[in-house]
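**Q** structure of the sequence below:
(one chain, ligands or ions: 2)
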Amino acid sequence: MLLQLDNISRTYADAHTTVHAVNDVSLQISEGEFVAVQGASGCGKSTLLLTAGGLLRPDSGQVQVDGQDPYAMTNDVRAEFRAQTIGFVFQQFHLVPYLSVLENVLAPAIAVSGSESETRDRALQLIERFGLSDRQRHVPAKLSSGERQRTAMARALLNGPKLILADEPTGNLDHENADTVLGYLADFAADGGAVLLVTHDDRAVACAKRVIHLQDGRIAEPVTSTA
Ligand SMILES: Nc1ncnc2c1ncn2[C@@H]1O[C@H](COP(=O)(O)OP(=O)(O)O)[C@@H](O)[C@H]1O
Ligand SMILES: [Mg+2]
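**A** Ligands and ions are numbered 1, 2, ... in the order given. Reported below is the predicted structural model:
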């Protein structure tokens, strides 16, 4: 099992209101599975993905990624574990503004050891795969949002993760680029990786083998198989 969520809940509270962003969600994803979580804006998709990715501690419930609880680790150990195991594609990309495309894609290499020239070769291959070769020296401000999205995808894949967590990865893409990204995710799962994609895009959902509907922070109906 690459991802196991057991009864995850997460609220956001301020002095006046409490939002139950994720409410008692359980799900499991094995090697080779491509799962989509679909739901309206505000239903808790990003919150769910952040908790699954070791980036946002749930209020209650258990997260296991590749058999380990990221929240039981120290911050340093968790950072390295995440860098090696999880490819996270953020909804707002989180690219470093003063780094080029190539430098952004290479950034996750800092957290793990490895040959510098091999890492660079892998970054250049990913940049080519996502159609960014002629943009590799540009900083994010000089890119279209689709190019930023594809840079974020390439960066997520640099360290050869076992699990990809992708937050609306086709939200900024035209059909052709969306197909490139979705095709890559499907290939990644076919090669034994696990993919959890959250989206409200029907085209992205159509690529998944299993679709989970999220409504007001809860799984709305039993897991269905489209395979
Ligand atoms: N940092 C935050 N502080 C307070 N409320 C938040 C925060 N992030 C998200 N929310 C609220 O939690 C709910 C779920 O948000 P989110 O997980 O971003 O949903 P989605 O990704 O499906 O649009 C929404 O009502 C949103 O307004
Ligand atoms: Mg979101």
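
**Q** can we go C-alpha only for contacts and neighbour counts from here?
**A** OK.

**Q** what residues does this structure put near ligand 1?
**A** With the criterion set to Cα under 6 Å from any ligand atom, the chain comes near ligand 1 through 12, 19, 21, 41, 42, 43, 44, 45, 46, 47.

**Q** most surrounded residue in those?
**A** Going through those with other Cα atoms under 10 Å as the criterion, the one with the most neighbours is residue 45, at 27 neighbours.

**Q** my guess is that residue meets residue 215, correct?
**A** No. Assessed by Cα atoms under 8 Å, residue 45 is found out of contact with residue 215, at 9.3 Å.

**Q** what residues are shared contacts of these two?
**A** Between them, residue 45 and residue 215 share the neighbouring residues residue 39, with contact defined by Cα atoms under 8 Å, 6 or more residues apart in numbering.

**Q** helices along the protein, start to end?
**A** In the chain, the helices defined using DSSP state H lie at 45-52, 75-85, 101-106, 116-129, 145-157, 175-190, 202-206.

**Q** now tabulate those in a markdown table and tack on mean pLDDT.
**A** Listed next are the helices of the chain as a markdown table, based on pLDDT from 0 to 100:
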| stretch | mean pLDDT |
| --- | --- |
| helix 45-52 | 97 |
| helix 75-85 | 95 |
| helix 101-106 | 97 |
| helix 116-129 | 95 |
| helix 145-157 | 94 |
| helix 175-190 | 91 |
| helix 202-206 | 89 |
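
**Q** dump those helices into a markdown table; add distance to residue 139 as well.
**A** Formatted as a markdown table, the entries for those read as follows, by distance: least, Cα to Cα, whole Å:
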| stretch | distance to residue 139 |
| --- | --- |
| helix 45-52 | 26 |
| helix 75-85 | 22 |
| helix 101-106 | 6 |
| helix 116-129 | 14 |
| helix 145-157 | 9 |
| helix 175-190 | 20 |
| helix 202-206 | 28 |
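
**Q** how near is residue 78 to residue 174?
**A** Residue 78 sits at a distance of 35 Å from residue 174 (criterion: Cα to Cα, to the nearest Å).

**Q** how near is residue 9 to ligand 1?
**A** From residue 9 across to ligand 1, the span is 12 Å (Cα to the nearest ligand atom, to the nearest Å).

**Q** distance check, the residue nearest to that residue when sequence neighbours are not counted against ligand 1.
**A** Counting by Cα to Cα, 6 or more residues apart in numbering, the nearest residue to residue 9 once its immediate chain neighbours are dropped is residue 23, at 4.5 Å. Distance check for residue 23 against ligand 1: by Cα to the nearest ligand atom, it reads 10 Å.

**Q** surely residue 23 meets residue 12?
**A** No. Checked against Cα under 8 Å, the pair residue 23 and residue 12 is beyond contact range at 11.5 Å.

**Q** tell me the spacing between residue 147 and ligand 1.
**A** When residue 147 is compared with ligand 1 (using Cα to the nearest ligand atom), they lie 21 Å apart.

**Q** how many residues are close by that residue?
**A** Around residue 147 sit 20 other residues, with neighbours defined as other Cα under 10 Å.
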